[in-house]
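Undergrad: Task: produce atomic coordinates for the following.
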Amino acid sequence: MRTLDGVASFGQIRMPRRDERTKMPALRSNLPPTSALAIARRAHYTALGIPKADWEKPKVAIVNTSSDLAACFSHLDEVAARLKHELRDAGLLPFEIRTTAPSDFVTSAGRAGRYILPSRDLIVDDIEAAVEGAKLDAMICLSSCDKTTPGHLMAAGRLDIPTIIIPCGYQHSGLAEGRTADIEEIFLHASKAAVTGESTDELELLAEDAILSPGVCAGLATANSMHILAEALGMAMPGSAPVRALGEPMWDTVSRSAHALAALIENDIRPRQIITKGSVRNAVRAMLAIGGSMNTIKHLQAIAIESGLDVDVWELFRQLGRETPLLCSVRPNGPRLTEEFEDAGGGATIIRELLPLLDGTQLTVTGTTVAENSALAKPADGDVIRSIDDPFGTDPAISVLKGTLAPGGAVAKRPVPDPGPHTFRGPARIFGTREEAIAAISSGRLQEGDVAVIRGIGVTGAPGLGLTSAFIFALHARGLAHSVALVTDGQFSGLVNQGMTVGEVSPEAASPGSPLGRVRDDDLIEIDVKRGTVDLLVDADELAARPDYVPPVDRDTGHGYLDQYEALVQPLSCGAVLCARPCSTNPSPVKESA
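TA: Now for the predicted structure:
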């Protein structure tokens, strides 16, 4: 048994005793010693300066999703260097590999942001090619921006070799220094200025103080939400999210993760033993309790599918959202800063407080259970993090809707607490792009009481899932945020949680038979967030007689990766995974995991 004592609050790593195991696993990286590949590999080891004594050690991939393009990743090379030393101290032989490194604020510049979601799956394929091609024994993933953590978890489920996720921390923001801006404020105000034509001189000055360190965006947008999800799923060390980038808790996580990975290898504990229906359900609860990013739904669905699970994550969010208390109110949902949330205990304390609603028997990467880990976490302070008996609210901040317009599901993001409005009914106004919809505000085509329908920008129709945040900010800028609703098969930023906005409608308009594809101008649409419904008030027979939506032939795809993506991507109900064989568009095993 391998243990590591005296490290922060979560000091012990416990794995099954040898007599509790069946057989020590053979290292798949150790090829037959006389094979041509083994001899060639030893030649490379010699050239790399690897001592002969290390050649037979477990070989570990450090998945370093690093890039100079954004602050999200700028510290990962430093983390990787420290991690190499920690892994060697744990008796392992590390090899650093690189993947694509998308950042939403940077990678969204090309083709209207349609590379953002596809880049997640490119990360998965990058990892498979490097790790499977070399037959490495395990991997430890440096997770940062929005798409890296889901990509790493999907790869873990697909490859099923011992794996640990290391959340690499959030950036220090100007707000934490008592200044007036963080990246959220810059994004919101700059988007509005783009619509109104206001001067951006002041914003440019604010931008200089918005990001004061490397790391992901502060707040419970997608990156920090996914970091917490990894911990709730059992795939990251307890107490690892959220943490300040390059802060002592982050370095502590790096050290603990290296030694925990050695124990996972020794005991042959793999991701599919940790990522189960029970742990997926736990992760859903955690996301609902923090009011996490709406993007966690599709990412968790993709992780489940890559892990071989038949579970309908959309339906889990829908069901559990009505019975999961909101335990914090952190930006963009409420006033609290991520620093305050971390200091109050962060994700570990959320999991501790949720334990009566969780499956505490689920295994984690420490070799201990969720319940055992939670016993060592801080209790809720009653201020930044509340108990389940005194929550901030019980209305879901991530609200999954279904109905005749979205039989496969759609999602609305709400503030904490939610002041409403909760219902909306109005005539449809159809648009093929966000630019068309924005122009309709100025031209007067969109008026109070209308429902803007931006369609044909789903994972296939775009392809890649188009962004509609600019339209939502245009509504805010024109004072229409609460009087014009939005329904789209595209996505919007996790920072959007005001007004009646319904995104990621499934099936998307480009799917045969999609109700969204058959909507016409003046059709009545009714949205009810409290009831969890979004309905098209058109007679079923009339709707069935209408022709399907046909995507325009002149879409700008670049005739490269996006075309490949369109050919392989599965529906959002399947997490938009890439697969040559169609997956079920309605997994719906909720009855088994409820």
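Undergrad: For the stretch 101-250 of the chain, which segments count as helices?
TA: Taking DSSP state H, counting those that start in this stretch, the helices of the stretch 101-250 of the chain run over residues 104-107, 116-127, 133-134, 148-159, 183-196, 201-210, 222-233, 248-267.
Undergrad: Just say which of those helices is most tucked in.
TA: Each of those was assessed for mean neighbour count using mean count of other CB atoms under 10 Å. The highest is helix 222-233, with a mean of 30. Just so you know, the C-beta spots here come from the backbone N, C-alpha and C atoms, and that holds for glycine as well.
Undergrad: separation between residue 506 and residue 410?
TA: With distances defined as CB to CB, to the nearest Å, the gap from residue 506 to residue 410 amounts to 7 Å.
Undergrad: what ranges of the chain fall below the confidence cut-off?
TA: Regions of the chain meeting the criterion pLDDT under 70 cover residues 1-24, 195, 494-496, 584-594.
Undergrad: and if we set it to 80?
TA: Scanning the chain for pLDDT under 80 picks out the ranges 1-25, 112, 179-181, 183-203, 205-206, 416-418, 420, 493-498, 553-554, 580-594.
Undergrad: What's the biggest strand in the protein, counting residues?
TA: Within the chain, and with DSSP state E defining each element, the longest strand by residue count is strand 423-431.
Undergrad: what comes into contact with that strand?
TA: Contact with strand 423-431 is made by 437, 440, 445-446, 449-455, 485, 487, 500, 519-530, as judged by CB atoms under 8 Å, 6 or more residues apart in numbering.
Undergrad: Walk me through which strands that strand pairs with, and which way each runs.
TA: Note on strand 423-431: by DSSP bridges, its sheet partners are strand 451-454 (parallel), strand 524-528 (antiparallel).
Undergrad: List just the one of these that sits closest to residue 300.
TA: Ranking those by proximity to residue 300 (CB to CB) places strand 524-528 first, at 23.9 Å.
Undergrad: Report the buried residues of the closest one.
TA: Within strand 524-528, the residues that qualify as buried are 525, 526, 527, counting by 16 or more other CB atoms under 10 Å.
Undergrad: How about the first one, nearest residue that isn't a chain neighbour?
TA: Nearest non-adjacent residue to residue 525, counting by CB to CB, 6 or more residues apart in numbering: residue 451, 4.5 Å away.
Undergrad: check contacts around the one you found.
TA: With CB under 8 Å, 6+ apart, residue 451 has these contacts: 424, 426, 427, 428, 429, 484, 485, 486, 487, 525, 527.
Undergrad: so which of those residues comes closest to residue 143?
TA: Checking the contacts of residue 451 against residue 143 with CB to CB, the nearest one is residue 486 at 30.8 Å.
Undergrad: That closest one and residue 526, how far apart?
TA: The span separating residue 486 from residue 526 equals 14 Å under the rule CB to CB.
Undergrad: cool, residue 238 as well?
TA: Using CB to CB, residue 238 is found at 44 Å from residue 526.
Undergrad: ok, and the closest non-adjacent residue to residue 90?
TA: Of all residues apart from its sequence neighbours, residue 262 sits closest to residue 90 (CB to CB, 6+ apart), at 4.0 Å.
Undergrad: quick one: that neighbour and residue 89 touch, right?
TA: No: counting by CB atoms under 8 Å, residue 262 does not reach residue 89; the two are 9.3 Å apart.
Undergrad: sorry, back to before: and the buried residues of strand 524-528, which is closest to residue 275?
TA: residue 527 (33.5 Å).
Undergrad: ok, the closest residue in space to residue 518 that isn't next to it in sequence - how many residues close by?
TA: Of all residues not flanking residue 518 in the chain, residue 546 sits nearest, at 4.3 Å (CB to CB, 6+ apart). The burial count assigned to residue 546 is 13, neighbours taken as other CB atoms under 10 Å.
Undergrad: Now residue 546: phi and psi?
TA: phi -80, psi 150 (degrees, to the nearest 10).
Undergrad: separation between it and residue 513?
TA: 10 Å.
Undergrad: try residue 102
TA: Between residue 102 and residue 513 the distance is 32 Å, computed by CB to CB.
Undergrad: higher neighbour count, these two?
TA: Set residue 102 next to residue 513 and count neighbours by other CB under 10 Å: residue 102 wins out with 27 against 11.
Undergrad: show me what contacts the more buried one?
TA: 115, 116, 119, 120, 123, 145, 146, 147, 148.
Undergrad: Any chance of TSV for those residues, columns distance to residue 70?
TA: Shown next, in TSV, are those (distance: CB to CB, whole Å):
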residue	distance to residue 70
115	14
116	13
119	12
120	16
123	15
145	7
146	11
147	12
148	11
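Undergrad: now, among the residues you listed, which is nearest to residue 357?
TA: residue 146 (26.7 Å).
Undergrad: mind listing what the closest one touches?
TA: For residue 146, the contacting residues are 102, 103, 104, 116, 216, 221, 222, 223, 226, 293, 295, by CB under 8 Å, 6+ apart.
Undergrad: at 6 Å instead, please
TA: Remark: with contacts taken as CB atoms under 6 Å, 6 or more residues apart in numbering, residue 146 is in contact with 104, 222, 223.
Undergrad: Dihedrals phi and psi, it?
TA: phi -50, psi -50.
Undergrad: Likewise for residue 491?
TA: Backbone dihedrals for residue 491, given as degrees, to the nearest 10, come out at phi -120, psi 170.
Undergrad: Ok, residue 502 next?
TA: Dihedral angles phi and psi of residue 502 (degrees, to the nearest 10) take the values phi -120, psi 120.
Undergrad: so who does it touch?
TA: When contacts are counted by CB under 6 Å, 6+ apart, residue 502 is found next to 410, 412, 487, 534.
Undergrad: Now with 7 Å, please.
TA: The contact partners of residue 502, taken as CB atoms under 7 Å, 6 or more residues apart in numbering, are 401, 410, 412, 486, 487, 527, 534.
Undergrad: Could you double-check that the fifth one sits in contact with residue 525?
TA: Yes: counting by CB atoms under 7 Å, residue 487 sits close enough to residue 525 to count as a contact (6.3 Å).
Undergrad: Find residues that contact each of those two.
TA: The contact sets of residue 487 and residue 525 overlap at 405, 451 (CB under 7 Å, 6+ apart).
Undergrad: now, the most widely separated pair of the contacts of residue 451?
TA: Using CB to CB, the contacts of residue 451 span at most 14.6 Å, a distance reached by 429 and 527.
Undergrad: ends of stretch 311-327, how far apart?
TA: Taking CA to CA, to the nearest Å, the first and last residues of stretch 311-327 lie 26 Å apart.
Undergrad: can you list the residues that contact it?
TA: By CB under 7 Å, 6+ apart, the list of residues contacting stretch 311-327 reads 277, 280-281, 284-285, 288-291, 297, 300-301, 304, 350, 353, 357, 385-386, 388, 391-394, 396-400, 402, 409, 416, 532, 573, 587-590, 593.
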